[in-house]
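Novice: Predicted model follows, preceded by the sequence.
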Amino acid sequence: MPVRHALATALGAAALLCAAVGPAAAGTGESITVDPTGTVAPDGTVTLSGTYRCTAGTGPVLVGSSVGQSDPRVQQGVGGGVALCDGAEHRWENSGEVVPGSVEAGPAHVQAALVELRPSGIVPLPYFHAVAERDVTLVQD
């Protein structure tokens with residue numbers, strides 16, 4: 001499995017976990033936002049964006065996002081990337097293909113999270129630096 005695909009899968013899982021366990025309190029000076037508009041392409045690729053701010057951690061910090069539309073209990077991971085945690089505000093943009101026909105232009109619900117993979121024995125454990133949810137409008141790309 002390509003590294004980028006594995007990272008996107010891990011971030012999507014983290015975003016879904018975030019939905020299951022609820023929002024975590026952001027650390028001092030740490031935040032993530034979601035822009036009010038995203039895009040959906042004819043091939044099903046969804047692009048979401050926003051801003052984040054975080055401080056250094058003990059492991060890699062990732063920006064994950066997910067989108068849901070008709071059923072608020074169903075979220076699909078949308079890409080992911082590595083965050084630069086230097087205390088400054090940065091832009092993030094995640095793109096990924098969702099299940100064909102499951103997302104279309106119109107209202108949608110987005111979750112985004114800054115998730116650190118902290119070393120803990122054999123398996124790194126997720127630590128949420130910041131979490132955000134927002135109703136957005138997806139426009140046709």
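Specialist: Arrived safely, thanks for sending. Numbering: from 1, shown residues only.

Novice: which residue ranges form the strands in this protein?
Specialist: 31-32, 37-40, 45-53, 61-68, 76-82, 90-97, 106-118, 125-140 (DSSP state E).

Novice: Mind putting those strands into a markdown table with mean pLDDT and mean neighbour count?
Specialist: For the C-beta atoms, the positions are set from N, CA and C on the backbone; glycine is no exception. A markdown table is the format used below for those (pLDDT from 0 to 100; neighbours: other CB atoms under 10 Å):
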| stretch | mean pLDDT | mean neighbour count |
| --- | --- | --- |
| strand 31-32 | 97 | 20 |
| strand 37-40 | 97 | 19 |
| strand 45-53 | 97 | 21 |
| strand 61-68 | 96 | 27 |
| strand 76-82 | 93 | 21 |
| strand 90-97 | 96 | 18 |
| strand 106-118 | 95 | 22 |
| strand 125-140 | 95 | 17 |
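
Novice: and the end-to-end length of stretch 30-49?
Specialist: Stretch 30-49 has an end-to-end distance of 17 Å (CA to CA, to the nearest Å).

Novice: Relative to the whole chain's centre, how far out is that stretch?
Specialist: Relative to its chain's centre, stretch 30-49 lies at 9 Å (CA atoms, centre = their mean, to the nearest Å).

Novice: Check stretch 115-134 too.
Specialist: For stretch 115-134, the distance to the chain centre is 12 Å (CA atoms, centre = their mean).

Novice: Can I get that stretch as CSV, trimmed to CA atoms?
Specialist: Taking Å, rounded to 0.1, in the frame of the first residue of the first chain, the C-alpha atoms of stretch 115-134 are listed here in CSV:
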residue,chain,number,x,y,z
VAL,A,115,-4.1,14.1,15.5
GLU,A,116,-0.7,13.2,16.9
LEU,A,117,0.5,9.6,16.8
ARG,A,118,2.3,9.3,20.1
PRO,A,119,4.7,6.4,20.8
SER,A,120,3.2,4.0,23.3
GLY,A,121,4.8,0.6,23.3
ILE,A,122,4.4,-1.3,20.1
VAL,A,123,1.5,0.7,18.6
PRO,A,124,1.3,4.5,18.5
LEU,A,125,-1.8,6.0,20.1
PRO,A,126,-3.8,9.0,18.8
TYR,A,127,-3.7,12.2,20.7
PHE,A,128,-6.1,14.9,19.5
HIS,A,129,-4.6,18.4,19.5
ALA,A,130,-7.7,20.1,18.1
VAL,A,131,-11.1,19.1,16.5
ALA,A,132,-13.6,21.0,14.5
GLU,A,133,-17.0,20.3,13.0
ARG,A,134,-18.8,22.5,10.5
